[in-house]
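Trainee: mind folding the following:
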Amino acid sequence: MARYTGPKTKIARKFGEPIFGEDKSFDKRNYPPGQHGNNRRRGKKSEYAIQLQEKQKAKYTYGILERQFRNLFKKATSSPGITGEVLLQLCESRLDNVVFRMGIAPSRRGARQLVSHRHIAVNGSVVNIPSYQLKAGDVVGVREKSKSLQAINSSLEASSHIYEWITWNNETMEGTYVSVPARIQIPENINEQFIVELYSK
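Mentor: Numbering: from 1, shown residues only. Sure thing, here's the model as predicted:
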């Protein structure tokens, strides 16, 4: 399963925000990585550099590599609606992302592992594909054999985020992907228009 496995804090420092979630190391060193760090004086970024950085940020945030991301963009282009908005909606509809949003895992990386290790079921059937695209109304839950896992229970106890497009029942350990989120409901700090402009060149 292809995924980014390198250092997270270094990437977060590159973008100037904790894109992988809470990170104590990032809080301590909230400046660009490299030998000169804070003292580095960078000239004005070109339009291409800004667009590329936004695409890279989106890819790292959702844990998607280039080929998958490009395929999602093609799908968004051929779908009705605003391309950039549809692209983010497709990213949000991935099974690993929804597992993370529901609080079953503390990070998307952890959610991807739970899915690939067959701990997650969709509409009653085990699905082990992190990129699986959910549809409105799909029920996502922890499979019966995995409900006693300490990692899952600890994550659910620590989870406090509530999203309007997702419901969750702690007793049954199941949630529903109620609807595709509108752009205003997606909390990620990503300028999708830059990504559209980059791919449209």
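Trainee: contact partners for the spatially closest residue to Gly63 that is not a sequence neighbour?
Mentor: Ranked by Cβ to Cβ, 6 or more residues apart in numbering and with sequence neighbours excluded, the top spatial neighbour of Gly63 is Arg108, at 5.0 Å. C-beta: built from backbone N, CA, C; applies to glycine. Each residue near Arg108 by Cβ atoms under 8 Å, 6 or more residues apart in numbering is listed here: Phe20, Thr61, Tyr62, Gly63, Asp96, Asn97, Phe100.
Trainee: tell me the mean pLDDT for the helix or strand containing the second one?
Mentor: Here Thr61, judged by DSSP states H and E, is contained in helix 47-62. Per-residue pLDDT values over helix 47-62 give a mean of 92.
Trainee: returning to that earlier point: for the contacts of Arg108, give me TSV that also has distance to Val139 and neighbour count.
Mentor: Formatted as TSV, these follow (distance: Cβ to Cβ, whole Å; neighbours: other Cβ atoms under 10 Å):
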residue	distance to Val139	neighbour count
Phe20	28	18
Thr61	26	21
Tyr62	22	23
Gly63	23	22
Asp96	16	27
Asn97	16	22
Phe100	17	26
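Trainee: name the nearest of those residues relative to Gln150.
Mentor: Using Cβ to Cβ, Phe100 comes nearest to Gln150 of these, at 17.9 Å.
Trainee: how much space between the closest one and Leu52?
Mentor: Between Phe100 and Leu52 the computed distance is 25 Å (Cβ to Cβ, to the nearest Å).
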